[in-house]
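Asker: no sequence on this one, just coordinates:
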């Protein structure tokens, strides 16, 4: 038995080593992501091997602070670059130099004008790095949208895949899977950086279907925060919530990125909770205090009791019913954005759920396995549109108006195919 166990472990280590070598060959230039950004500051993460030494130069010059995040003996580390004293409408360039003072990469970026009331967001989820050809096609289209913001809304890393215990990543394995993804996906090679905000779902959490009982959730949160450049800032437009949740204000609207994993109860719990009482109370207080139109963003669907897969409504029905009663009593109007389902769906949310007509936009996955829908067998009474068996992402164009927002949704498939359009006023 010892021999079998050792042989299994050796084969697993060999497999991981093979994966690492292949992935390193895909992109030899640094993996770079721009994160939390406003008019005066931004954050950027750069993945590098500890054998490399990077110097970062910004033109025009701004105040720069660099901190490095690492995990154990893993040879890959993440440099966090915090830039302040930025100016809106100024074009900046990040130059990365190696130890020989030679240029290894150059990126362009800007500050974000959060006061602009007309703006565009590109939204993606379910980014399986094993779909090499598909990711190249999809990210090319995604980058070509030239949006003001990018939202990564869950399963941004398939951290529980290619690990020793399927569906349950150990922290050192999870760190390596984040590295693999950063090394593989073309979005991290874009020449023009775009502010990117992210939350997670179960795969980047590290536990398939996992919740409050995942034993490595603290380490998982540290790993997520190491790779996504959205550390708390002292700014009225940003507020940190429990877990990886936070709120961000731009264009006169609020965006609540929710943590649907850290505090989520399982089916045996006496009291069911999707976000946990602390996070839910934090969210409701923010919505009550700030009457701007708000988007609630979560890794899995909100309204999904019609189907067998994960959703707030299906997995935590008592909590969902109470939460919707509380949302209905607020003066703040909301919209919903979700991923996870490996399909594209738009629902209309109205009476009796709410006293006005709004939408839930589900976009998933940009490159992952897709499946036939179950809508024929289990129709969705709220559905405006559904597309299955197609890789997809969405753009959301917003214009803030008194008491609400004008929205334009485009659903994109491979090769920039637009398969869905929706124009709607929510107020």
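Answerer: Structure received. Since this is a predicted model, take the numbers as computed values, not measurements.

Asker: How far does stretch 236-243 stretch from one end to the other?
Answerer: Taking C-alpha to C-alpha, to the nearest Å as the measure, stretch 236-243 stretches 19 Å from start to finish.

Asker: in that stretch, what's buried?
Answerer: If you call a residue buried by 16 or more other C-beta atoms under 10 Å, then stretch 236-243 has these buried ones: 237, 238, 239, 241, 242, 243. In short, each C-beta sits where N, CA and C put it, glycine included.

Asker: Mind checking the pLDDT average for stretch 28-40?
Answerer: In this model, stretch 28-40 carries a mean pLDDT of 95.

Asker: can you give me how far it is from the chain middle?
Answerer: Taking C-alpha atoms, centre = their mean, to the nearest Å, the mean C-alpha location of stretch 28-40 is offset from the chain mean by 14 Å.

Asker: Stretch 334-354 now?
Answerer: How far stretch 334-354 lies from its chain's middle: 17 Å, per C-alpha atoms, centre = their mean.

Asker: swap in stretch 79-95?
Answerer: Stretch 79-95 has its C-alpha centroid displaced from the chain centroid by 22 Å (C-alpha atoms, centre = their mean).

Asker: hang on, residue 159 is in a helix, isn't it?
Answerer: No. Under DSSP: H, G, I helix; E, B strand; the rest coil, residue 159 sits outside any helix and is assigned coil.

Asker: Just give me the closest of the buried residues of stretch 236-243 to residue 277.
Answerer: For the buried residues of stretch 236-243, the closest approach to residue 277 (C-beta to C-beta) belongs to residue 242, at 9.6 Å.

Asker: tell me the contacts of the closest one?
Answerer: Residue 242 makes contacts with 259, 262, 263, 276, 278, 279, 282, as judged by C-beta atoms under 8 Å, 6 or more residues apart in numbering.

Asker: cool, and residue 330?
Answerer: Counted by C-beta under 8 Å, 6+ apart, residue 330 has contacts 284, 287, 288.

Asker: gap between it and residue 255?
Answerer: Distance, residue 330 to residue 255, by C-beta to C-beta, to the nearest Å: 17 Å.

Asker: now swap in residue 80 and tell me
Answerer: Applying C-beta to C-beta, the value for residue 80 to residue 255 is 22 Å.

Asker: likewise residue 174?
Answerer: Distance of residue 174 to residue 255, given as C-beta to C-beta: 26 Å.

Asker: Look at the two and report which has more neighbours.
Answerer: residue 174 (24 against 20; other C-beta atoms under 10 Å).

Asker: Can you list phi and psi of that one for me?
Answerer: Per-residue torsions, residue 174: phi -60, psi -40 (degrees, to the nearest 10).

Asker: Find me the pLDDT at it, would you?
Answerer: Looking at residue 174, its pLDDT is 98.

Asker: and the most centrally placed residue in the chain, what does it touch?
Answerer: Among the residues of the chain, the one closest to the centroid is residue 152, at 2.4 Å (C-alpha atoms, centre = their mean). Residues in contact with residue 152 (C-beta under 8 Å, 6+ apart) are 124, 125, 127, 196, 197, 198, 199, 228.

Asker: Of all pairs in these, which one spans the longest distance?
Answerer: Those two in those that are separated most widely, counting by C-beta to C-beta, are 127 and 197, at 14.9 Å.

Asker: out of these two, which sits in the more crowded spot?
Answerer: residue 127 (28 against 23).

Asker: Residue 224 versus the residue nearest to the more buried one when sequence neighbours are not counted, what's the distance?
Answerer: Once flanking residues are discounted, residue 127 sits nearest to residue 156: 5.3 Å by C-beta to C-beta, 6 or more residues apart in numbering. The spacing between residue 156 and residue 224, counted by C-beta to C-beta, is 9 Å.

Asker: out of these two, which sits in the more crowded spot?
Answerer: residue 156 (28 against 24).

Asker: tell me the secondary structure for the more buried one?
Answerer: coil.

Asker: Okay, it and residue 394: tell me how far apart.
Answerer: 15 Å.

Asker: what do you get for residue 91?
Answerer: Distance of residue 91 to residue 394, computed by C-beta to C-beta: 28 Å.

Asker: more neighbours, those two?
Answerer: Neighbour comparison, residue 91 and residue 394: the larger count goes to residue 394, with 25 against 10 (by other C-beta under 10 Å).

Asker: Surely that one forms part of a helix?
Answerer: No. Read with three-state DSSP, residue 394 is strand and lies in no helix.

Asker: got a list of what it touches?
Answerer: Going by C-beta under 8 Å, 6+ apart, residue 394 touches 122, 123, 344, 361, 363, 409, 410, 411, 412.

Asker: What's opposite it in the beta bridge?
Answerer: residue 123, residue 411 (DSSP bridges).
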